[in-house]
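Asks: the following block contains a protein sequence and its predicted model.
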Amino acid sequence: MDTTKTRIKGNTVVVTIAKSLGVEPGTEYRFSKESDGSLKLTPTKKVPETMAELFKGWHSKYETPTDL
């Protein structure tokens with residue numbers, strides 16, 4: 001397990017993540033501090049801003065369910 005130290009940058013405390021972990025720059029995370037003091041980072045899911053983004057990669061025909 002790699003270790004890292006926090007540092008101050010402006011008005012924030014920064015933790016560096018090793019490039020070898022494969023985290024893409026710009027990835028957004030939700031974080032929480034656990035009861036044991038550990039920090040948990042969870043990637044957020046981007047909410048599509050347009051219909052095109054919402055259906056990107058979907059090429060099937062939509063069929064309306066008969067019970068509607």
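Replies: Yes, it's here. Numbering: from 1, shown residues only.

Asks: and the pLDDT for the residue nearest the centre of the chain?
Replies: Computing the C-alpha centroid of the chain and ranking residues by C-alpha atoms, centre = their mean puts Pro43 first, at 2.2 Å. The score at Pro43 is 87. That number is its pLDDT.

Asks: find the nearest non-adjacent residue to it, please.
Replies: Distances taken as C-beta to C-beta, 6 or more residues apart in numbering place Tyr29 nearest to Pro43, at 5.7 Å, with adjacent residues excluded. Just so you know, the C-beta spots here come from the backbone N, C-alpha and C atoms, and that holds for glycine as well.

Asks: dump the residue contacts of the one you found.
Replies: Tyr29 is in contact with Leu41, Thr42, Pro43, Thr44, counting by C-beta atoms under 8 Å, 6 or more residues apart in numbering.

Asks: cutoff 10 Å now
Replies: Ile17, Val23, Leu39, Lys40, Leu41, Thr42, Pro43, Thr44 (C-beta atoms under 10 Å, 6 or more residues apart in numbering).

Asks: my guess is the residue nearest to the centre of the chain meets Arg30, correct?
Replies: Yes - under the criterion of C-beta atoms under 10 Å, Pro43 makes contact with Arg30 at 7.9 Å.

Asks: before we move on, back to that, okay, the residue nearest to Pro43 and Lys40: tell me how far apart.
Replies: 9 Å (C-beta to C-beta, to the nearest Å).

Asks: quick one: Thr44 and Thr12, what's the gap?
Replies: Distance from Thr44 to Thr12, by C-beta to C-beta: 18 Å.

Asks: oh, that last question was meant for Ala18, not what I typed.
Replies: In terms of C-beta to C-beta, Ala18 sits 19 Å off from Thr12.

Asks: quick one: contacts of stretch 32-48?
Replies: 6, 15, 17, 23-24, 27-31, 53-56.

Asks: alpha carbons of that stretch, in CSV - could you do that?
Replies: Written as CSV, here are the backbone C-alpha positions of stretch 32-48 (Å, rounded to 0.1, in the frame of the first residue of the first chain):
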residue,chain,number,x,y,z
SER,A,32,-17.2,11.3,3.5
LYS,A,33,-15.2,10.8,6.7
GLU,A,34,-15.9,7.5,8.3
SER,A,35,-16.3,6.9,12.1
ASP,A,36,-12.7,5.4,12.2
GLY,A,37,-11.3,8.6,10.6
SER,A,38,-10.8,7.1,7.2
LEU,A,39,-11.9,9.1,4.1
LYS,A,40,-14.1,7.4,1.5
LEU,A,41,-14.2,8.7,-2.1
THR,A,42,-17.1,7.7,-4.3
PRO,A,43,-17.2,8.7,-8.0
THR,A,44,-20.2,10.8,-8.8
LYS,A,45,-22.3,10.0,-11.8
LYS,A,46,-22.7,12.9,-14.2
VAL,A,47,-26.3,13.9,-14.9
PRO,A,48,-26.8,14.3,-18.6
